[in-house]
Structures are given as structure tokens and as C-alpha cells.
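S.K.: Kindly return the folded structure for what I paste below:
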Amino acid sequence: MAPDSPDVQIYELKRMDLKGATVIDGFPSVGLVSSIAANYIINALKLEQVAIMDSPYFPTVSLIRDSRPYNPVRIYASQKKGPSNEQIVVFISEFQPPPNLIKPIASAILDWSQDQRCSLLVSPEGLVLDIEDEEQEEAEEVYGIASTDRSRGILDDAGISGFEEGVITGVAGVLLNEGKRRDFDVITLLAEAHPDYPDARAAGNIIKLLDKMFLHIDINAQPLFAEAEKIENEIKSINKAASPQDRKSSPNSSMYI
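M.R.: So this is what the prediction gives:
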């Protein structure tokens with residue numbers, strides 16, 4: 001067991017050499033971008049569950065899949081592969097942590113990642129999209145922010161625009177601050193996303209970028225875009241039936257997540 005916060009602990013189910021691995025944070029964000037991306041990567045790469053995160057304050061639920069119980073927060077990893085031994089670790093959860101658990105969760109993620117000698121932590125996040133015209137609905141811009149000069153170099157090499165000003169909240173925000181304090185490489189990737197429903201298109205944009213930067217396995221993100229089109233068509237149908245006042249009630253800030 002890694003040296004975690006007293007309220008949040010990580011229990012290993014399977015020992016795996018994770019030195020140099022890239023860790024992906026899959027706690028829910030705007031448009032569920034991080035959760036969608038993390039689930040897709042786990043399924044596409046057929047990752048193995050290696051640990052769980054637990055706390056007395058987590059939801060008292062068991063997630064059942066294929067007649068098997070799963071904890072609310074799980075950790076998956078791939079075996080080393082390829083000439084450069086590329087390896088991915090994914091934290092995944094279906095629940096939004098309450099404010100009092102955000103810092104303990106982020107600290108536990110970083111403690112464990114450092115204990116496992118992982119090299120980089122990436123948080124895929126949704127950036128609230130202000131939709132005032134049809135052109136913005138097709139936004140595909142992904143922005144980045146990094147905790148260290150080293151990780152900023154990774155963003156520059158990938159040609160990712162910097163997130164210049166705003167607020168990043170939740171687990172991703174704490175990870176950035178803690179990464180800076182500990183001199184550990186943390187990157188947050190921000191995809192413009194709809195805040196009112198799961199935005200598979202935004203998740204797909206981030207997955208394409210993750211594949212280009214870290215995965216290098218040609219993940220097929222097309223099913224995500226197909227799902228995005230289905231969701232968006234359903235939302236458009238609802239909006240057409242809604243009154244103009246209802247349509248104006250959606251969030252209008254692109255500065256905050």
C-alpha cells in the first residue's frame with residue numbers, strides 16, 4: 001500500500017513494474033470528458049486492473065459488470081510494450097468527489113504515482129463551451145497547461161496551445177498545484193465541451209491527442225465521434241422543442257471548468 005492521505009488509500013491487487021509510465025486521471029469533469037476518455041482507453045487497450053482507491057467517505061456502492069463487483073475508484077495498467085517500453089496507467093471513477101475529498105484524492109494519486117516511479121500524469125478535462133452560434137458546436141481546439149518546464153516542453157513539442165488564463169477546479173487543479181510543488185510533471189488537456197451532457201466528441205479529440213503524444217497505437221476514436229453525433233442530434237431535437245428562454249439558460253462561461 002502506498003503512503004497515502006489518511007482518508008484516501010490505494011490498495012494494490014496486482015504488482016506490476018510501472019516505472020516510467022504515463023498516468024491518466026479519469027475522475028469526472030465537465031461533459032464527463034475525462035471519464036469517457038479513460039473508459040475508452042481501458043477498453044481499447046484491454047488494460048488490467050492493478051489496484052483500487054478507497055475511503056470511508058466514498059459512495060457505499062459496488063459497480064457490477066459481467067457479474068463481477070468493482071470499487072467506485074479503480075486503477076488499470078498496461079504491460080510494457082514497444083521498443084520504448086511505453087506504458088499507460090488509468091485512474092477511473094464514476095462518481096464526482098465532494099469538495100472535502102478532492103485534495104486527499106489528488107494527493108493519493110500523486111503519492112502512488114511517485115511511489116511507482118511513474119514519469120508523467122495527464123488529466124483530460126472539459127472546458128465549458130459557450131455556444132452562441134452553430135460554428136462553435138464543431139470546436140475541436142484542445143488547450144494545455146503544465147506543472148513544470150519539462151512538461152511544458154512536451155506541450156510545445158506537440159504544438160498544443162497554452163491555456164493562458166482562467167480557473168481549473170477539482171482534482172485536475174489540485175494535481176497541477178501539487179505537481180508544481182513537488183516538481184512532478186503534470187499536464188492538463190482541456191477540450192472544449194458541452195457542460196450539460198456527456199460530450200463524446202470532446203473526449204474523442206483528447207484521445208486523438210493522447211494517442212499522438214503518448215499511446216502511439218493508433219486508437220480508433222471514430223466510435224466516440226459517432227456516439228457524439230447521436231447525442232448531439234438528440235439534444236438538438238430537444239432544443240427545437242424548447243422555448244427560446246429555455247435555450248438561453250445554458251452556462252455561458254468558457255473560462256471555468
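
S.K.: What ranges in the stretch 51-200 of the chain fall below the confidence cut-off?
M.R.: The model of the stretch 51-200 of the chain has pLDDT under 70 over residues 81-85, 129-140.

S.K.: Within the helices and strands, which one has residue 187?
M.R.: strand 186-193 (DSSP states H and E).

S.K.: Format the CA atom coordinates belonging to that strand as PDB.
M.R.: Output of strand 186-193 as PDB, limited to C-alpha atoms (Å, rounded to 0.1, in the frame of the first residue of the first chain):
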ATOM      1  CA  VAL A 186       1.600  17.000 -14.600                       C
ATOM      2  CA  ILE A 187      -0.300  18.100 -17.700                       C
ATOM      3  CA  THR A 188      -4.000  19.000 -18.000                       C
ATOM      4  CA  LEU A 189      -5.500  18.800 -21.500                       C
ATOM      5  CA  LEU A 190      -8.600  20.900 -21.900                       C
ATOM      6  CA  ALA A 191     -11.100  20.100 -24.700                       C
ATOM      7  CA  GLU A 192     -14.000  22.500 -25.300                       C
ATOM      8  CA  ALA A 193     -17.100  20.600 -24.200                       C
END
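
S.K.: tell me the contacts of residue 146?
M.R.: Residues near residue 146 by C-beta atoms under 8 Å, 6 or more residues apart in numbering: 152, 154-155, 176, 185-188. In this view, the C-beta of every residue, glycine as well, is placed from N, C-alpha and C.

S.K.: on that earlier part again, direction included, what does the strand holding residue 187 pair up with?
M.R.: Partners of strand 186-193 in the sheet, by DSSP bridges, are strand 120-128 (parallel), strand 142-146 (antiparallel).

S.K.: Ok, which of the ones you listed comes nearest residue 62?
M.R.: In terms of C-beta to C-beta, the element of those nearest to residue 62 is strand 120-128, at 25.9 Å.

S.K.: Run the chain-centre distance for the closest one.
M.R.: 5 Å (C-alpha atoms, centre = their mean, to the nearest Å).

S.K.: Just read off the phi/psi values of the closest residue to residue 32 other than its chain neighbours.
M.R.: Nearest residue to residue 32, sequence neighbours excluded (C-beta to C-beta, 6 or more residues apart in numbering): residue 198, at 4.4 Å. When quoted as degrees, to the nearest 10, the phi and psi of residue 198 stand at phi -60, psi 120.

S.K.: Run a quick neighbour tally on residue 198.
M.R.: Around residue 198 there are 19 other residues, counting by other C-beta atoms under 10 Å.

S.K.: what's the answer for residue 171, then?
M.R.: Neighbours around residue 171, by other C-beta under 10 Å: 26.

S.K.: Find the nearest non-adjacent residue to the residue nearest to the spatial centre of the chain, please.
M.R.: The centre of the chain sits closest to residue 34, judged by C-alpha atoms, centre = their mean, with a distance of 2.9 Å. Nearest residue to residue 34 in three dimensions, chain neighbours excluded: residue 124, at 4.6 Å (C-beta to C-beta, 6+ apart).

S.K.: What residues does that neighbour make contact with?
M.R.: By C-beta under 8 Å, 6+ apart, the contact set of residue 124 is 24-26, 29, 33-34, 37-38, 189, 191, 203, 206, 210.

S.K.: For it, list each beta-bridge partner.
M.R.: The partner residues for residue 124, given DSSP bridges, come to residue 189.

S.K.: Distance of it relative to residue 169?
M.R.: 15 Å (C-beta to C-beta, to the nearest Å).
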